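Student: Fold the following, please.
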Amino acid sequence: MSRLTRRHVLTGGATLALAALATPTLASAATANTDVAALVTAVFRDKTSRDVDRFTAHFSQDDLTYTDATIGAQLPNWAALRAFFAQAMPTWPATSRSYPTKILGDTNSAMVFFTDSPELFGHEIRAIAPIDFADDKIIREVDYWDGRHFGIAATAAISAPPAQFPTEFGEGKAGERSSATLQGVASALVDALSTGDTAAAAALFTTDAAFDDLTLHTSIIGQPAIRGFLDRARALLPYGLGTAIRHTVGSARGGGYEWLNKGAQVDHGVVALELDDHARITRLTTVWNGALVDNAALGTLLATTVEQ
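Tutor: Residues are numbered from 1 along each chain as shown. This next block holds a predicted model:
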């Protein structure tokens with residue numbers, strides 16, 4: 001049987017980007033509690049081991065939604081997940097790996113950074129996935145990744161037409177499970193970014209904070225530099241003017257939010273947040289689908305990262 005593409009995976013019945021740890025070690029779980037780190041690591045371990053029964057046992061059989069936010073594919077239930085992996089896992093070579101690199105949150109909900117090696121879907125995927133749990137089972141996951149890193153043509157070939165993209169990513173069923181602290185920080189940040197109040201946005205960060213845009217391959221260090229970048233880019237950032245929160249995940253020490261920007265060229269994405277003891281942002285990491293904008297637009301946005 002030939003290897004299935006990611007589109008075949010997701011439209012053929014199931015898939016989950018959260019999976020098995022059989023490779024690189026977890027880079028950071030500092031803002032996740034021990035229980036959620038163990039839970040997530042087990043999921044990745046069982047996916048890379050290609051053990052269908054153990055892997056799918058980590059997901060709720062009663063209530064599950066899995067969405068790939070980049071290509072617009074959605075799996076509505078556990079049966080679809082189980083059916084696909086029973087077919088797909090035997091086609092994966094022994095060298096394939098899917099592993100977490102950072103976990104932010106707790107066993108209610110978390111933001112998980114993970115990598116799929118090219119053997120799984122033909123190209124490497126580096127994603128950020130908000131995950132909701134109930135009784136230590138996954139009830140909702142959404143994968144966000146940059147289509148340019150996967151390959152613009154490759155992403156276009158497997159993406160659903162815009163009219164067929166799901167309008168909800170399962171947040172209605174899962175409900176808000178994140179901490180009040182995390183929700184408050186996310187709300188304050190989105191309020192500031194959506195109205196162009198860069199001073200208010202920058203004030204939410206610590207002096208030595210980092211701001212990482214994985215799509216732009218940019219890291220900005222320090223509150224003054226972050227303020228300057230937001231000033232220059234406020235009219236261009238897809239996660240800026242006009243955005244609203246779709247869903248939040250995480251604990252008082254970290255997690256993040258999914259954003260919506262209806263009518264925009266890039267109308268959805270994810271922001272991960274790491275917080276200190278005073279609920280100030282120590283690191284922001286975002287990814288969005290850069291394949292949706294052309295080279296000129298991306299170049300204009302990248303120019304705002306240059307300090308004057």
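
Student: quick one: residue 273 and residue 135, what's the gap?
Tutor: Residue 273 sits 26 Å away from residue 135, going by CB to CB, to the nearest Å. Where you see a C-beta, it was placed from the backbone N, CA and C, and this is true even at glycine.

Student: which one of these two has more residues nearby?
Tutor: More crowded of residue 273 and residue 135, by other CB atoms under 10 Å: residue 273, with 27 against 8.

Student: what's the closest non-adjacent residue to that one?
Tutor: residue 256 (4.8 Å; CB to CB, 6 or more residues apart in numbering).

Student: Residue 305 too?
Tutor: Residue 305 sits nearest to residue 218 (CB to CB, 6+ apart), 5.0 Å away.

Student: The one you found and residue 171, how far apart?
Tutor: Where residue 171 is concerned, residue 218 sits at a distance of 28 Å (CB to CB).

Student: Ok, residue 71 next?
Tutor: 19 Å.

Student: out of these two, which sits in the busier spot?
Tutor: residue 71 (25 against 20).

Student: did I read that right, the more buried one in a strand?
Tutor: No. If the criterion is DSSP: H, G, I helix; E, B strand; the rest coil, then residue 71 is coil and not within a strand.

Student: you'd agree it is up against residue 155?
Tutor: Yes. In this structure residue 71 lies within contact range of residue 155 using CB atoms under 8 Å: 6.8 Å.

Student: any shared contact partners between these two?
Tutor: Between them, residue 71 and residue 155 share no contacting residue under CB atoms under 8 Å, 6 or more residues apart in numbering.

Student: And the helices in the protein, which stretches?
Tutor: Remark: helices assigned in the chain by DSSP state H are 6-11, 34-48, 52-56, 78-88, 118-121, 147-150, 152-158, 171-174, 180-195, 198-202, 223-233, 295-303.

Student: Tell me which of those lies nearest to residue 243.
Tutor: Between residue 243 and the helices of the chain, the shortest gap by CB to CB is with helix 180-195, which sits at 4.9 Å.

Student: in the closest one, what's buried?
Tutor: For helix 180-195, the neighbour count (16 or more other CB atoms under 10 Å) marks 182-183, 185-186, 188-190, 192-194 as buried.

Student: who does it touch, helix- and strand-wise?
Tutor: Secondary-structure packing of helix 180-195 (3 or more CB pairs under 8 Å, 6 or more residues apart in numbering; DSSP states H and E): helix 198-202, strand 244-251, strand 254-260, strand 268-275.

Student: Contacts for it next, please.
Tutor: The list of residues contacting helix 180-195 from outside it, by CB under 8 Å, 6+ apart, reads 176, 197-198, 200-201, 204, 230, 234, 237, 239-245, 248-252, 254-257, 259, 271, 273, 275, 279, 281.

Student: Kindly recompute the last result at 6 Å.
Tutor: Contacts to helix 180-195, defined as CB atoms under 6 Å, 6 or more residues apart in numbering, come from residues 200-201, 204, 240, 242-243, 245, 248, 250, 252, 255, 257, 279.

Student: Widest-spaced pair of those?
Tutor: Across the contacts of helix 180-195 (CB to CB), the longest gap, 28.2 Å, separates 242 and 252.

Student: Could I get the buried residue list for stretch 40-58?
Tutor: 40-48, 50, 52, 55-56, 58.

Student: Can you tell me which of those residues is nearest residue 121?
Tutor: In terms of CB to CB, no member of the buried residues of stretch 40-58 lies closer to residue 121 than residue 47, at 12.9 Å.

Student: picking that back up, as a markdown table, the helices and strands packed on helix 180-195 with distance to residue 159 and mean pLDDT would be great.
Tutor: A markdown table is the format used below for the helices and strands packed on helix 180-195 (distance: least, CB to CB, whole Å; pLDDT from 0 to 100):
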| stretch | distance to residue 159 | mean pLDDT |
| --- | --- | --- |
| helix 198-202 | 31 | 98 |
| strand 244-251 | 19 | 98 |
| strand 254-260 | 18 | 98 |
| strand 268-275 | 13 | 98 |
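
Student: Of all these, which one comes closest to residue 165?
Tutor: strand 268-275 (8.8 Å).

Student: Among the buried residues of stretch 40-58, which one lies nearest to residue 79?
Tutor: residue 56 (9.7 Å).

Student: measure the nearest residue to that closest one once chain neighbours are set aside to residue 73 for me?
Tutor: Nearest non-adjacent residue to residue 56, counting by CB to CB, 6+ apart: residue 82, 4.8 Å away. As judged by CB to CB, residue 82 and residue 73 stand 17 Å apart.

Student: Compare these two (neighbour count), which wins?
Tutor: Applying other CB under 10 Å to residue 82 and residue 73 shows that residue 73 carries more neighbours, namely 24 against 18.
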